[in-house]
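Asks: This is a predicted model, with the sequence first.
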Amino acid sequence: MIRDFTSTRLFVEAPLAGGAVVALDARQANYLINVLRLGDGDVVLIFNAADGEWRAALQAAGRRQWQLTAVAQTRPQTPRPDLHYLFAPLKHARLDYMVEKAVEMGAGRLRPVITRHTQVTRVNVERMRANAIEAAEQCGILSLPEIDEPVAVADMLSRWAANEGGRRLIFCDEGEGAASPVVTLAGLRGAPLAVLVGPEGGFADEERARLKALPFVTAISLGPRILRADTAAIAALAVVQAAAGDW
């Protein structure tokens, strides 16, 4: 099927099938009617991360009430990407940006971890989900990532071997030197992977030492420059996708 890059896309919670009617909430109706100036009979694309993407017709359903009727499937559902992204939480605007870019880059699970130098220890998971939905709507993505509650990095590492089913942890280490990450990641294509990026202050010495000693960890460099954490997210996911992912 040819992808439609011009039509408005909207995530909905309802099951989708031919003829399915989806009631719009006030926020969705305001966006379509008052922001985009759509009207009765206009077409949008809808998806629910389970039933694929559908072309749907906008219809009035009473006073100030609007609904969408699914007309035809435009794309079948695709699996959620298997790439996990682990990160030290950031402050609001930069976390919003990082979540959006991680989803665009193919992260299928977002996992906040609390490190020694993490400055933000409370995470609004619902806000993260809203940003993930917005990224999926704008970029034609059919799935939504899983989003975990924050966990201490030490606890995560202690449980990794038992819980992760052989998944390799790619540790983005600011002290790794200038070795090419493409060379370091050679041979991992097709393997289940997770990417770990630390906080603005970097990992504590004991955290770095523990990570580098673990048999399931592969450390990589992100180059000679110091990157902000949100920039490092994009750089790390790009290099992993190119060297060992789905690019």
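Replies: Structure's in. What do you need?
Asks: Report the distance from stretch 109-123 to the chain centre.
Replies: 16 Å (CA atoms, centre = their mean, to the nearest Å).
Asks: pLDDT of that stretch, averaged?
Replies: Averaging pLDDT along stretch 109-123 yields 92.
Asks: Check stretch 37-51 too.
Replies: Stretch 37-51 carries an average pLDDT of 95.
Asks: State the distance from residue 108 to residue 146.
Replies: 7 Å (CB to CB, to the nearest Å). (C-beta placed from N, C-alpha, C; glycine too.)
Asks: what touches both of those two?
Replies: Listed as contacting both residue 108 and residue 146 by CB atoms under 8 Å, 6 or more residues apart in numbering are residue 80.
Asks: So these two - more neighbours on which side?
Replies: Shown here are residue 108 and residue 146; by other CB atoms under 10 Å, residue 108 has more neighbours (17 against 14).
Asks: The more buried one: what secondary structure?
Replies: strand (DSSP: H, G, I helix; E, B strand; the rest coil).
Asks: show me what contacts it?
Replies: Listed by CB under 8 Å, 6+ apart, the contact partners of residue 108 are 80, 81, 82, 83, 84, 143, 145, 146.
Asks: Flag the shaky bits of the chain, pLDDT-wise.
Replies: Applying pLDDT under 70 to the chain flags the ranges 1-2, 177-178.
Asks: Strands of that one, residue ranges please.
Replies: Ranges of strands in the chain, per DSSP state E, are 9-11, 21-23, 43-47, 53-60, 66-75, 83-87, 107-114, 146-147, 151-152, 168-172, 193-197, 217-220.
Asks: domains for this protein, by residue range?
Replies: Using automatic domain parsing, the domains assigned to the chain come out as 9-75, 83-244.
Asks: just those: most buried one?
Replies: domain 83-244 (a mean of 17; mean count of other CB atoms under 10 Å).
Asks: so how far is that domain off the chain centroid?
Replies: The mean C-alpha position of domain 83-244 is separated from the chain mean by 11 Å, CA atoms, centre = their mean.
Asks: distance between the ends of it?
Replies: 10 Å (CA to CA, to the nearest Å).
Asks: Tell me which residue is most central in this protein.
Replies: Most central in the chain under CA atoms, centre = their mean is residue 103, positioned 2.7 Å from the mean C-alpha point.
Asks: Residue 33 reaches residue 42, doesn't it?
Replies: No. Under the criterion of CB atoms under 8 Å, residue 33 makes no contact with residue 42, lying 9.6 Å away.
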